[in-house]
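J.: just coords:
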């Protein structure tokens, strides 16, 4: 009976296998479940992930078959947590050999301090605690890269660390929502083989706190 079903549905089975290989080796999509990358990414966003940005891997494994590109500072990447294997999405803040530190929220890279401009006061809802807290968003400029980051008031966070030097073959990652992100300050450096791919843009988005209404203005937004 099973063999007969497989024979009669072999085209569909091959299609599923090809789709699975495509998702695990070429391209994927990643739902955003938390606010760790706010304001760049919001809960309810689904991002396109290029799995061939850095490495060609054996499907369903972390075995690297060939190197295809090099991660750069500022890339938004998905990766498996070195602590427990959970899939996370953060921004690469430092490369192998970089010396990095943070002093009272200010990021330093190889001795150069980031500049912070265009402050914006907002109120953020912390879903895990159901509380609203004041926050400030800034444009962070550092060595030719810029991004919007967010600092929260009245929460416990690791606002200073280092200086530390990133080991060979590893990366230091940070969430843009600096005071609400389980990043390298807590999980350590991320080895290259645990990088899954580079997140490139928002595919679709829905407001998880607003009855899943579509956020059309975010469709196709580049990261």
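T.: Sure thing, it's come through. Computed from a predicted model, the values in this text were never measured in an experiment. Numbers count the residues shown, from 1 in each chain.
J.: residue 39: what secondary structure?
T.: Using DSSP: H, G, I helix; E, B strand; the rest coil, the structure places residue 39 in coil.
J.: tally of neighbours for it?
T.: 17 (other Cβ atoms under 10 Å). Glycine gets a C-beta too; all of them are placed from N, C-alpha and C.
J.: before we move on, what about residue 80?
T.: Neighbours around residue 80, by other Cβ under 10 Å: 17.
J.: check it and give its pLDDT.
T.: On pLDDT, residue 80 comes in at 95.
J.: mind checking how far it is from residue 62?
T.: The gap separating residue 80 from residue 62 is 7 Å, by Cβ to Cβ, to the nearest Å.
J.: shared neighbours, those two?
T.: Counting by Cβ atoms under 8 Å, 6 or more residues apart in numbering, the shared contacts of residue 80 and residue 62 are residue 194.
J.: remind me which residues of this structure are low pLDDT?
T.: 1-27, 127-130 (pLDDT under 70).
J.: tell me who's in contact with residue 200.
T.: Going by Cβ under 8 Å, 6+ apart, the list of residues near residue 200 reads 47-50, 222-223.
J.: now with 6 Å, please.
T.: Neighbouring residues of residue 200 by Cβ atoms under 6 Å, 6 or more residues apart in numbering: 48, 50.
J.: quick one: contacts for the residue nearest the centre of the chain?
T.: Centroid-nearest residue in the chain, with Cα atoms, centre = their mean: residue 89, separated by 2.1 Å. Contact partners of residue 89, counting by Cβ under 6 Å, 6+ apart, are residue 78.
J.: switch the cut-off to 8 Å
T.: 30, 32, 36-37, 41, 47, 76-79, 199.
J.: dump the residues you listed into a markdown table; add neighbour count, distance to residue 175 and secondary structure as well.
T.: Shown next, in a markdown table, are the contacts of residue 89 (neighbours: other Cβ atoms under 10 Å; distance: Cβ to Cβ, whole Å; DSSP: H, G, I helix; E, B strand; the rest coil):
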| residue | neighbour count | distance to residue 175 | secondary structure |
| --- | --- | --- | --- |
| 30 | 19 | 14 | strand |
| 32 | 21 | 11 | coil |
| 36 | 20 | 4 | coil |
| 37 | 29 | 5 | coil |
| 41 | 27 | 9 | coil |
| 47 | 24 | 14 | strand |
| 76 | 21 | 10 | strand |
| 77 | 22 | 12 | strand |
| 78 | 20 | 13 | strand |
| 79 | 23 | 13 | strand |
| 199 | 27 | 13 | strand |
